[in-house]
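Peer 1: build the 3D model from these lines:
(chains A, B and C)
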Amino acid sequence: MPEGHSIHRFARLHRALLGGQVIAASSPQGRFSDGARALDGGTLDEVQAHGKHLFYRFHANGLGRRAKSRPTPVGPPLTLHVHLGLYGRFREYRGIASPPTAGTRLALTSDDAELQLSGPTVCELIDPAAEEMLHARLGPDPLRGDDPAPAFEGMRRRSAGIGNVLLDQRVISGIGNVYRAEILFLVGVHPDRPAHAVDRTTFDRLWTLLRTLMADGERRGRIITVQPQDRRAPSSVSPGDEYWYVYKRAGLPCRRCSTPINTWELGGRMVFACPVCQPA
DNA sequence: GCTGCATGATGAA
DNA sequence: TCATCCTGCAGCA
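Peer 2: Numbering: from 1, shown residues only, chains lettered A, B, ... in the order given. I've put the predicted structure just below:
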């Protein structure tokens, strides 16, 4: 479930789990052995999220994983960059951890907790210059309280459908396929409407709603967009059906007008919309 | 036990 | 636009 809300939630949870602690790092899978070696024995200072990207800031203690019992000189900063992609997954443990699976790319272990990462698209150490380039490439993030103006400017320059543009992380960072479908339903905009045709008032509503919904998703750990007054008619045909207006509800009646929900492919991903509530 | 699908992104063509 | 990365799980036999 890695849309932006999950990533920010991971940042918060992992900060609480391992922040400020001396970390033993390993790569059971072996594909991140060098990186794990560099992190091993370091202290995790901070975890931050931007869009769907995670940044774990360490400083090396220079004395290996036994550093805790000795003086711990502050070494050079190290940043671990993680992007879960479609498959990436974290397992978090307090106390006794389950043994890592063979696919575990990275395990971070403190005295009383462990974090295991498998299947990420990106798991790498980056220097400050590379990180700066990465941030520069990402659009404003609704969950960071960023200024939305660049996102509106970005949309005005695009003639592609807004449904396509919303998944472009350079325009807004953190939106995935669920939020794309749901937010467009809530603002009553058809996914194929050219992005530059969306006016400022509509964009502001979209941004405000995104902030609210994503913050809610961050707290809950799952995406629920259906407002209480629309929650009737529990025809739970597919998983999550009671939580969403249109996502994965193709053919089911719209919660507002009962018209069957449409679905088609847009930008390589399935998009969902109500033909009446979101007129073309 | 097998198949297909999934909340993502990239790089080649 | 397409193939690929590469993991977990639901659905099915």
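Peer 1: as a check, name the ranges of all strands in the stretch 51-200 of chain A.
Peer 2: A:53-59, A:77-83, A:89-94, A:104-109, A:113-118, A:122-126 (DSSP state E, counting those that start in this stretch).
Peer 1: got these as JSON lines, with distance to residue A:195 and mean pLDDT columns?
Peer 2: The way it works is simple: take the backbone N, C-alpha and C, and place the C-beta from them, glycine included. Shown next, in JSON lines, are these (distance: least, Cβ to Cβ, whole Å; pLDDT from 0 to 100):
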{"stretch": "strand A:53-59", "distance to residue A:195": "23", "mean pLDDT": "95"}
{"stretch": "strand A:77-83", "distance to residue A:195": "24", "mean pLDDT": "93"}
{"stretch": "strand A:89-94", "distance to residue A:195": "32", "mean pLDDT": "93"}
{"stretch": "strand A:104-109", "distance to residue A:195": "36", "mean pLDDT": "94"}
{"stretch": "strand A:113-118", "distance to residue A:195": "34", "mean pLDDT": "94"}
{"stretch": "strand A:122-126", "distance to residue A:195": "27", "mean pLDDT": "94"}
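Peer 1: I'd like these as CSV, with mean neighbour count appended.
Peer 2: CSV is the format used below for the strands of the stretch 51-200 of chain A (neighbours: other Cβ atoms under 10 Å):
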stretch, mean neighbour count
strand A:53-59, 22
strand A:77-83, 19
strand A:89-94, 15
strand A:104-109, 23
strand A:113-118, 22
strand A:122-126, 17
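Peer 1: quick one: which of those is nearest DNA strand B?
Peer 2: Nearest to DNA strand B among these is strand A:77-83 (6.0 Å), distances taken as Cβ to the nearest atom of the strand.
Peer 1: residue of chain A nearest DNA strand C, please.
Peer 2: Closest point on chain A to DNA strand C, by Cβ to the nearest atom of the strand, is residue A:119, at 2.7 Å.
Peer 1: out of the strands of the stretch 51-200 of chain A, which gets nearest to residue A:206?
Peer 2: strand A:53-59 (22.2 Å; Cβ to Cβ).
Peer 1: name the residues that touch the lengthiest helix in chain A?
Peer 2: If you go by DSSP state H, chain A has its longest helix at helix A:200-220. Applying Cβ atoms under 8 Å, 6 or more residues apart in numbering, the contact partners of helix A:200-220 are A:3-6, A:8-9, A:12, A:142-143, A:145, A:148, A:151-152, A:155, A:172, A:174-175, A:179, A:182-183, A:186-187, A:189, A:198, A:223-225.
Peer 1: circling back: what pLDDT does the nearest residue to the residue of chain A closest to DNA strand C once chain neighbours are set aside get?
Peer 2: Distance criterion Cβ to Cβ, 6 or more residues apart in numbering; nearest residue to residue A:119, sequence neighbours excluded, is residue A:87 at 3.9 Å. For residue A:87, the pLDDT comes out at 88.
Peer 1: tell me, how many residues neighbour residue A:87?
Peer 2: Look at residue A:87: counted by other Cβ atoms under 10 Å, it has 11 neighbours.
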